[in-house]
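Visitor: Build me a model from this:
(chains A and B)
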Amino acid sequence: MPDQTATEEETVAAETGGSPPRLRTRMRRLLPVLGSLQGYIGLILVIVLGLATKGEVFWNQTNLTNAVGAFASRGILAVGVTLVILTGGIDLSVGSILGIGSMVSAMMLVHHNMTPWEIVPICMLVGAFFGLCNGVGTTWLRIQSFVMTLAMLSVVRGLDRQYSNNVSVGTQVVNDQGHLTPHSAQFQDLGTPGHNVLTGVLGQGVYYPVLALVVVCVVFQLILSKTRFGRHVYAVGGNATAARLSGVNVTAVTITVFVLSGLLAGFAGPIDAAYSASADPLAGTSYELDAIAAAVIGGTSLAGGRGTIVGTFVGALILTLLDNVLGLNAVSDNWQLVIKGLIVVAAVVLQRPGFFAAALTPVRRLIGSSPREGDEK
Amino acid sequence: MTQPVTREVVLRMRGIGKSFPGVRALSGVDLTVHAGEVAALLGENGAGKSTLMNVLAGVHGDYDGVIEVGGDEAAIHSPKDAARHGIAMIHQELNLVPDLSIADNIFLGREPRTRWGTRDRSAAHARTAELLAGLGLRLSPRRLVRSCRIAEQQLIEVAKALSNNVRILVMDEPTSALADAEVQRLFEVIRDLTGRGVAVIYISHRLEELEEIADSVTVLRDGAYIGRRDMAGTTRAELIQMMVGRPLGDLFPRESGEHGGGDVRLRVEGLSLRAEAGRTALHDVDLTVRAGEIVGLAGLMGAGRTEVLETLYGAHRPSAGRIELDGRPYRPRSPRYAIRRGLALVAEDRKAQSLVLGNTVAFNASLAALGRYTRLFVDRRRERAAVAGQVRDLRVKTPGLNATVRNLSGGNQQKVVLAKCLLTEPALLLMDEPTRGIDVGAKAEIHALMSRLAANGTALLVVSSELPELIAMCDRILVLCEGRLTGEFHRDPAHGPPANQEDILAAAMARQAVLDQETADA
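Guide: Numbers count the residues shown, from 1 in each chain, chains lettered A, B, ... in the order given. This is a model prediction of the structure:
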């Protein structure tokens, strides 16, 4: 195989050479992080659909920020769920944890008049605690994650409803003059459309849920692709036995991803409460399914070991914009559900390994990556 | 061995070609098999043996060329076609359902029926018992396949093929997971089958086995037909030359043992392990390994060799025993701790235990040593430089560091496992069947690597089912039987009894001695 040897030497030279990596090498390294090509094609299709049917109404800043803001809390859940799925598990409890997070935040605000700076960390701790329970159940008690988190979905929802007496709690607390209290006003910044944060720094500022989603995605993508923990997540999902025999503490990694997933769900709670301006005892119901759908559309394999946060972000964006476009075109909620389901099926089929190999080959050639097919078996 | 030339030809494959997208896997391959013959198929990994056999078994429906069975042209385009022509294949990874009984497995998909249309269990059991008895297996047909040993499962596959009136039986590396005594039993079965006129196509890397069992041998290289020889009158050297296309030096390049007696690196006293599902118990195992020494562990399947390595590595918790590493006490806690103390393990099953197959060469190779390149973030440049160095030193044939490990050949996958172990710079390297199922060239390279590591002062503890390999590579060989040490043999006769196959095998089968000792203990 003279060809292969030549490529190998070239690659090895490129990796070890002292000179800064060439653009092609850089792009090649970036490629796996960007997720699947199919995701971007899907995203473009949805945008084209929006522009074709609604044009200006669809493509303006207000509509787009509102669309993303509505979906941001579910996008944040999707990041946590992606971490768990990468280790080969599943987390069905995130919707309930978001629900109790939103209820806790509203209670703290209304009954204890706390600031968001106190409320948000407390909600994250509450979420992390339930995540820890999931992690302990799946590792030490050796319960399958599907069963453990399904049980947690029920337990947490029950606690939420008991705690709230099945009554929703409004977050717009008004003082004697009929104005929002300062803490309540700050709280609304977390999610109410029209309330922007970082005004001044970023001109008109940004809509907080969008900022939160982007920051969460960036931080967790960095963790996954740059840290040892991130490598271990992929190793555990790819082959848990091999990971353990390579010195990976599989139990610790598994518990950690569940804690992080719970923590993110707890973080999304106050955002969701602020967006709806109230905490409903049923808030977050079935959000876990949207989160899992976003991860799957973004190319994360439920078998574990394959997927990226960037992919999940694209997947969440597709679902968001699709919701928005269908809403603008007055498609009924019922048909929206049907279409979403079909898109998940299509995404999984289209992302079979090798399905798009033919379409990818010219791209690979363009950036000089060597094809993976054609090796000896 | 009879003269196969005088027998009737049962199978003739002519000019077989097969392409996969981007790869020409086979071109113009011929294979002729006579009734009652053991026809060996030989070639390095990736030479096309499995592809050829998959064509024969109907797995690959579209191929070029002609297949004749019993003199008539046979259109074999599906596994059903193959079964109709009396062709059965036993894959290297067995295709049995672990949670069904032996009888259910044998009659899977064609269960005998009663006149009510329900399954006729008693007929299936009676027929299964008959088949098993014919193969010398004393197992109940009701037994779950999960609880049978690998060698037994192999024979169950044979029974399944026989129940199908097989005329041509393909066996893909049937002995790769068997110990020597079990291989002998399998050979008896094969001889019995050929006596009944069944033709056996036998794929194996072990030349000494072919010399024992095969009548003819057909050699493939890079998907092409190289030649056919009668086994009698063909030398090993000639076959190896046909396989690799170049003369190969000594298979076992270790120079005669001057390990000079370094310091004791590992001292184990009274190591014991309780038996658990699928795990052999260990009783009072004592052993030492010195720096620069290669110590072999011999024994049959289930003798506890793997358990010794895995217990030392912290994968199981020993029930008793004292272990010292370089004179300091060592308590196996976890593989993670073992790596920190300078141990590394090349596990028995590289796909299931060592590799994240869907990930890249670089990911796998650096996995165990990642801490060395990490502060807050992994320093990708240092990591890749280290991996690239190992890839070069070990001569891993890969399109690049980002190639998916699944796409590499067996030998190259094993080299990636070695790279992972070596990057942790182990002081004691535990190797479990390091050369199983890999081609001759890679095998020789791994042997050379072992010698090199020993020369640099690494201590090696090596398990292998191939006695010639152990005898050639090891300074000392310890023999286990049923979880107890039953023998110690030396390369240098000055230190103790010299190693030879007969004595080692005798110690490995010293079951009576072990049982006597158990009675004495009680």
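Visitor: what pLDDT, on average, does stretch A:339-351 get?
Guide: Across stretch A:339-351, pLDDT averages out at 86.
Visitor: what does that stretch rub up against?
Guide: Here stretch A:339-351 makes contact (CB atoms under 8 Å, 6 or more residues apart in numbering or on different chains) with A:36, A:38, A:42, A:293, A:296-297, A:299, A:315, A:318-319, A:322, A:326, A:331, A:355-356. Yep, even glycine has a C-beta here, placed from its N, CA and C like the rest.
Visitor: repeat that with 10 Å
Guide: With contacts defined as CB atoms under 10 Å, 6 or more residues apart in numbering or on different chains, stretch A:339-351 is touched by A:35-39, A:41-42, A:46, A:289-290, A:292-294, A:296-302, A:306, A:311, A:315, A:318-319, A:322-323, A:326, A:331, A:355-356.
Visitor: Look up the closest residue to A:A235, ignoring the ones flanking it.
Guide: A:A243 (4.0 Å; CB to CB, 6 or more residues apart in numbering or on different chains).
Visitor: What distance do you get for the one you found to B:D379?
Guide: To B:D379, A:A243 is 21 Å away according to CB to CB, to the nearest Å.
Visitor: returning to what we had before: give the ChimeraX command for selecting the buried subset of the contacts of stretch A:339-351.
Guide: This is how ChimeraX selects the buried members of the contacts of stretch A:339-351, with burial counted by 16 or more other CB atoms under 10 Å in any protein chain shown:
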select /A:35,36,37,38,39,42,46,290,292,293,294,296,297,298,299,300,301,306,311,315,318,319,322,323,326,356
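Visitor: Now narrow the contacts of stretch A:339-351 to whatever sits close to chain B.
Guide: For chain B, the contacts drawn from the contacts of stretch A:339-351 by CB under 10 Å from any CB of the partner chain are A:301, A:306.
Visitor: among the contacts of stretch A:339-351, which are in helices?
Guide: In this view, the contacts of stretch A:339-351 that belong to helices under DSSP state H are A:37-39, A:41-42, A:46, A:289-290, A:292-294, A:296-297, A:311, A:315, A:318-319, A:322-323, A:326.
Visitor: Helices along the stretch 301-450 of chain B, start to end?
Guide: B:305-312, B:335-340, B:361-366, B:380-393, B:410-423, B:440-455 (DSSP state H, counting those that start in this stretch).
Visitor: Worst mean pLDDT among the ones you listed?
Guide: If those are sorted by mean pLDDT, helix B:440-455 sits at the bottom with a mean of 89.
Visitor: burial count for B:R375?
Guide: 9 (other CB atoms under 10 Å in any protein chain shown).
Visitor: next one: A:S286
Guide: 10.
Visitor: What is the neighbour count of B:F187?
Guide: 16.
Visitor: Packing partners of whatever helix or strand it lives in?
Guide: Here B:F187 is covered by helix B:180-195, with elements defined by DSSP states H and E. Counting contacts by 3 or more CB pairs under 10 Å, 6 or more residues apart in numbering or on different chains; DSSP states H and E, helix B:180-195 packs against strand B:38-42, helix B:121-134, helix B:150-163, strand B:168-172, strand B:199-203, helix B:207-213, helix B:501-508.
Visitor: hey, C-alpha coordinates of the second one in PDB?
Guide: Once side chains and other backbone atoms are set aside, the C-alpha atoms of helix B:121-134 remain, and they are given as PDB (Å, rounded to 0.1, in the frame of the first residue of the first chain):
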ATOM      1  CA  ARG B 121     -39.500 -30.400  22.200                       C
ATOM      2  CA  SER B 122     -39.000 -34.000  22.800                       C
ATOM      3  CA  ALA B 123     -38.100 -34.700  19.200                       C
ATOM      4  CA  ALA B 124     -35.700 -31.700  19.200                       C
ATOM      5  CA  HIS B 125     -34.100 -32.900  22.400                       C
ATOM      6  CA  ALA B 126     -33.800 -36.500  21.200                       C
ATOM      7  CA  ARG B 127     -32.200 -35.400  17.900                       C
ATOM      8  CA  THR B 128     -29.900 -33.000  19.700                       C
ATOM      9  CA  ALA B 129     -28.800 -35.600  22.200                       C
ATOM     10  CA  GLU B 130     -27.900 -37.800  19.300                       C
ATOM     11  CA  LEU B 131     -26.000 -35.100  17.500                       C
ATOM     12  CA  LEU B 132     -24.100 -34.100  20.700                       C
ATOM     13  CA  ALA B 133     -23.200 -37.700  21.400                       C
ATOM     14  CA  GLY B 134     -21.900 -38.100  17.900                       C
END
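Visitor: I'd like the average pLDDT over stretch B:281-299.
Guide: Stretch B:281-299 comes out at a mean pLDDT of 93.
Visitor: gap between it and the chain center?
Guide: 21 Å (CA atoms, centre = their mean, to the nearest Å).
Visitor: Return the residues of the stretch 101-250 of chain A in contact with chain B.
Guide: So far as CB under 10 Å from any CB goes, the stretch 101-250 of chain A lies against chain B at A:222-223, A:225-232, A:234-250.
Visitor: The residue nearest to A:A235 and B:F363 touch, don't they?
Guide: No - in this structure A:A243 lies outside contact range of B:F363 using CB atoms under 10 Å: 11.2 Å.
Visitor: Helices along the stretch 151-300 of chain A, start to end?
Guide: A:182-189, A:208-226, A:228-238, A:240-245, A:250-276, A:287-297.
Visitor: Switch those helices over to CSV; also include mean pLDDT.
Guide: Below are those laid out as CSV (pLDDT from 0 to 100):
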stretch, mean pLDDT
helix A:182-189, 89
helix A:208-226, 93
helix A:228-238, 96
helix A:240-245, 96
helix A:250-276, 96
helix A:287-297, 94
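Visitor: Any chance of those in JSON lines with distance to A:V81 as columns?
Guide: Converted to JSON lines, these look like this (distance: least, CB to CB, whole Å):
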{"stretch": "helix A:182-189", "distance to A:V81": "26"}
{"stretch": "helix A:208-226", "distance to A:V81": "11"}
{"stretch": "helix A:228-238", "distance to A:V81": "13"}
{"stretch": "helix A:240-245", "distance to A:V81": "19"}
{"stretch": "helix A:250-276", "distance to A:V81": "6"}
{"stretch": "helix A:287-297", "distance to A:V81": "5"}
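Visitor: what's the closest of these to A:L132?
Guide: Ranking the helices of the stretch 151-300 of chain A by proximity to A:L132 (CB to CB) places helix A:250-276 first, at 5.2 Å.
Visitor: now the closest one and helix A:228-238, what's the angle there?
Guide: 100 degrees (axes from the mean of the first three to the mean of the last three CA atoms, to 10 degrees).
Visitor: Can you give me the buried ones in helix A:250-276?
Guide: Neighbour-count burial for helix A:250-276 [16+ other CB under 10 Å]: A:250-251, A:253-276.
Visitor: Now for the closest residue to A:S96 other than its chain neighbours: which residues touch it?
Guide: Nearest residue to A:S96 in three dimensions, chain neighbours excluded: A:V156, at 3.8 Å (CB to CB, 6+ apart). Going by CB under 10 Å, 6+ apart, A:V156 touches A:93-101, A:126-127, A:130, A:133, A:149, A:262, A:265, A:284.
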